[in-house]
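Engineer: I would like the atomic coordinates for the input below:
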Amino acid sequence: QAISIDDKSNKYIFEEVVKAPGFTKDQLFTIYREWFVTTFVNAEAVLQMDDRESGFLIGKSFLNLSGGMITDQAAGNYPIAFTSRVNFTIKIYCKDGRFKYVLTDFYTYTAPSRYTIESTIPLEAYDYNNLQSFYNKRGKIRKFRVKDKESIILDFTAFGTSIKNHILDYEINQNQQNDW
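Structural biologist: Numbers count the residues shown, from 1 in each chain. Got it, this is the predicted structure:
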């Protein structure tokens, strides 16, 4: 799945409508409320809003991305890895027979260290859809930019797959629980 830009907000967005035949809005709401609980260590800290009547869940979370390598000259030029975190918002809309998940409001956060300063930057600032941003002034490719984009796409695609697959897991678990 590619990183697309929302026409209204001008922000990067991952979204998908998933068909769920045979499920009511209420059932889907309960299933995805459970998904928040089983996916996150502290669902109450992640889940910011849940409105059963409208079938809407919203949460805030983050994924750690492996960062680049920095050479530590003081330590004999040994490479040291650093990690960035991407904060984001998860929205799940439930209707009879389908649901839609939206991942948006991406911000990278890098903690302060001996090698980096603390920073919080909207992902749009990196302009991953502009090929020129992947090359330096001498025309050489910036490998860390390519790696970041690939990591973001892979991690958030996997996260979306987790959301979609939860309904399958739910059906399997329901069948097993009823067969004891």
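Engineer: Could I get the full set of helices for this protein?
Structural biologist: 25-39, 43-46, 143-177 (DSSP state H).
Engineer: Need the winner for burial among those helices.
Structural biologist: Burial of the helices of the chain is given as mean neighbour count (mean count of other CB atoms under 10 Å); helix 25-39 ranks first at a mean of 18. No exception for glycine: its C-beta is placed from N, CA and C like everyone else's.
Engineer: Report the contact partners of the closest residue to Lys164 other than its chain neighbours.
Structural biologist: Excluding the flanking residues, the one nearest Lys164 by CB to CB, 6 or more residues apart in numbering is Val18, at 5.3 Å. By CB atoms under 8 Å, 6 or more residues apart in numbering, the contact set of Val18 is Arg98, Phe99, Lys100, Tyr101, Ile163, Lys164, Ile167.
Engineer: Closest to Ile90 out of these?
Structural biologist: Tyr101 (7.0 Å; CB to CB).
Engineer: Bridged to the residue nearest to Lys164, which residues?
Structural biologist: Beta-bridge partners recorded for Val18 (DSSP bridges): Phe99.
Engineer: Provide the contact partners of stretch 24-35 at residue level.
Structural biologist: Residues contacting stretch 24-35 (CB under 8 Å, 6+ apart): 20, 23, 47, 50, 52, 55, 57, 92, 94-96, 99, 163, 166-167, 170.
Engineer: low-scoring stretches of this structure, by residue?
Structural biologist: Residue ranges of the chain with pLDDT under 70: 1-3, 43-44, 65-84, 115, 126-150, 172-180.
Engineer: what do you get if the cut-off is 80, keeping everything else the same?
Structural biologist: Scanning the chain with the threshold set as pLDDT under 80 gives 1-4, 41-45, 64-85, 109-117, 119, 121, 123-155, 169-180.
Engineer: circling back: for the contacts of stretch 24-35, which PyMOL command selects only the ones that are buried?
Structural biologist: Selection of buried members from these for PyMOL, criterion 16 or more other CB atoms under 10 Å:
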select buried, resi 20+23+47+50+55+57+92+94+95+99+163+166+167+170
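Engineer: Farthest-apart pair in the contacts of stretch 24-35, please.
Structural biologist: Most distant of the contacts of stretch 24-35, by CB to CB, are Leu47 and Asp96, 22.5 Å apart.
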